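Q: based on what follows, work out the 3D shape:
(4 chains)
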Protein chains: 2
Amino acid sequence: MKSDFTIGALARSEGVATETLRYYERLGLIEPSGRTASNYRLYDMTAVRQLRFIRRAQALGFSLTEIGELLSLHAQPAADMGDVKRLAEHKIADIERRIEDLERMKAGLGTLAENCPGHGPTAECPILATLLRDEN
Amino acid sequence: MKSDFTIGALARSEGVATETLRYYERLGLIEPSGRTASNYRLYDMTAVRQLRFIRRAQALGFSLTEIGELLSLHAQPAADMGDVKRLAEHKIADIERRIEDLERMKAGLGTLAENCPGHGPTAECPILATLLRDEN
DNA sequence: CTTGACTCTAAAGTAAACATTAGGGTGTAG
DNA sequence: CTACACCCTAATGTTTACTTTAGAGTCAAG
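A: Numbers count the residues shown, from 1 in each chain, chains lettered A, B, ... in the order given. Sure, this is the predicted structure:
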């Protein structure tokens, strides 16, 4: 059994827009398994798996470009697992940096908000005062 | 003493591009204190303070739009500190959500990377296997 | 056979925060 | 007086991940 879907059917069943599928195709991430006589795209379960791969990898913080690399590593039998692991670890380091940045922001903002009484004229607001302070 | 700077002087001393200053002006964030006879922008210390305000607020995670709100709250004597504090707390909540997202990504990737031996054909890579797995 | 849902391609728009380019004045050092 | 650095405006480009629009062909139901 072949069970092919049109782009609309695949889109509905996986919860994405048809244009998103065409966009992924332009990026080389997903190819239809074929076309109808009238040039409609046809997809099979391989496409469903690829699409889920993409969504899972996105949820892990990979960009579409990186996902393309992962997919091509998977497609090349000659490729080494080390490349995949390196990509994952590089991404982990990346995420850690972003977390640290956000923690710094949060701490800074927290300190400011704590010292703000929450009412009164903005002229006396310690948050604005700190942001406007003159030193450094 | 007036000590006015041209846009280039301000840009150099504060480490931004002149175009960035013109861009901020289009957004209503910074106004030159005046113009020369030949229409050159002139800035004074007020602009320096505004610019530093913008950079500090950016470092705390505020968008330029939000920074515009902060600046206008500061400019309006009728405004209340509560508005500023609310903006800050909203931003803190925002940052916390992003940190949680990143922590989840990091944990997910960490688990995958741990189970990957780091060499061998990608066909046996547990990272790719997980991303491609069929269930759910 | 017509209507409405669906599909096609190519191009342009969106958000954020700028950077770059084009075309043209200005200011000053030598 | 002529380089050459610097300034001006307006428009377009950049990145990411899509969405929207325009114009046109296709398929199933009634």
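Q: grab the nearest non-local neighbour of the most centrally placed residue in chain A.
A: For chain A, the residue nearest the mean C-alpha position is residue A:58 (3.7 Å; Cα atoms, centre = their mean). Nearest residue to residue A:58, sequence neighbours excluded (Cβ to Cβ, 6 or more residues apart in numbering or on different chains): residue A:67, at 7.0 Å. In this view, the C-beta of every residue, glycine as well, is placed from N, C-alpha and C.
Q: how close does that neighbour get to residue A:37?
A: To residue A:37, residue A:67 is 32 Å away according to Cβ to Cβ, to the nearest Å.
Q: and for residue A:35, the neighbour number?
A: 10 (other Cβ atoms under 10 Å in any protein chain shown).
Q: quick check on it: phi, psi?
A: Dihedral pair for residue A:35: phi -140, psi 150, per degrees, to the nearest 10.
Q: quick one: pLDDT of it?
A: On pLDDT, residue A:35 comes in at 96.
Q: tell me if I'm right that the residue nearest to residue A:58 and residue A:57 touch.
A: Yes. Checked against Cβ atoms under 8 Å, the pair residue A:67 and residue A:57 is within contact range at 4.7 Å.
Q: output the below-cut-off pLDDT ranges for chain A.
A: Counting by pLDDT under 70, chain A has low-confidence residues at A:1-2, A:135-136.
Q: all strands for it, in order.
A: In chain A, the strands defined using DSSP state E lie at A:34-35, A:41-42.
Q: need the winner for burial among those strands.
A: strand A:41-42 (a mean of 20; mean count of other Cβ atoms under 10 Å in any protein chain shown).
Q: hmm, back to that, and the residue nearest to residue A:58, how far is that from residue A:60?
A: Distance, residue A:67 to residue A:60, using Cβ to Cβ: 10 Å.
Q: again, but for residue A:77
A: 24 Å.
Q: which of the two has more residues huddled nearby?
A: Neighbours were counted for residue A:77 and for residue A:60 using other Cβ under 10 Å; residue A:60 has more, 23 against 8.
Q: ok, now which ones touch the more buried one?
A: Applying Cβ atoms under 8 Å, 6 or more residues apart in numbering or on different chains to residue A:60 gives the contacts A:91, B:105, B:108-109, B:112.
Q: how is chain A partitioned into domains?
A: Per automatic domain parsing, the structural domains of chain A span A:1-79, A:86-136.
Q: so how far is DNA strand C from residue A:116?
A: 23 Å (Cβ to the nearest atom of the strand, to the nearest Å).
Q: I would like the residues contacting stretch A:129-136, please.
A: For stretch A:129-136, contacts defined as Cβ under 8 Å, 6+ apart pick out A:112, B:49, B:52-53, B:56-57, B:70, B:74.
Q: can you rerun that using 7 Å?
A: A:112, B:49, B:53, B:56-57 (Cβ atoms under 7 Å, 6 or more residues apart in numbering or on different chains).
Q: any chance of a markdown table for the residues you listed, columns distance to DNA strand D and neighbour count?
A: Shown next, in a markdown table, are those (distance: Cβ to the nearest atom of the strand, whole Å; neighbours: other Cβ atoms under 10 Å in any protein chain shown):
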| residue | distance to DNA strand D | neighbour count |
| --- | --- | --- |
| A:112 | 29 | 21 |
| B:49 | 19 | 15 |
| B:53 | 21 | 21 |
| B:56 | 24 | 17 |
| B:57 | 21 | 23 |
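Q: which members of the residues you listed define the maximum pairwise distance?
A: A:112 and B:49 (17.3 Å; Cβ to Cβ).
Q: tally up the residues packed near the residue lying closest to residue A:21 once chain neighbours are set aside, please.
A: Nearest non-adjacent residue to residue A:21, counting by Cβ to Cβ, 6+ apart: residue A:7, 5.5 Å away. Using other Cβ under 10 Å, residue A:7 has 20 other residues around it.
Q: now do residue A:78
A: Counted with other Cβ under 10 Å, the neighbours of residue A:78 add up to 7.
Q: swap in residue A:107?
A: Other residues lying near residue A:107 total 13 when counted by other Cβ under 10 Å.
Q: gap between it and DNA strand C?
A: For residue A:107, the distance to DNA strand C (Cβ to the nearest atom of the strand) stands at 20 Å.
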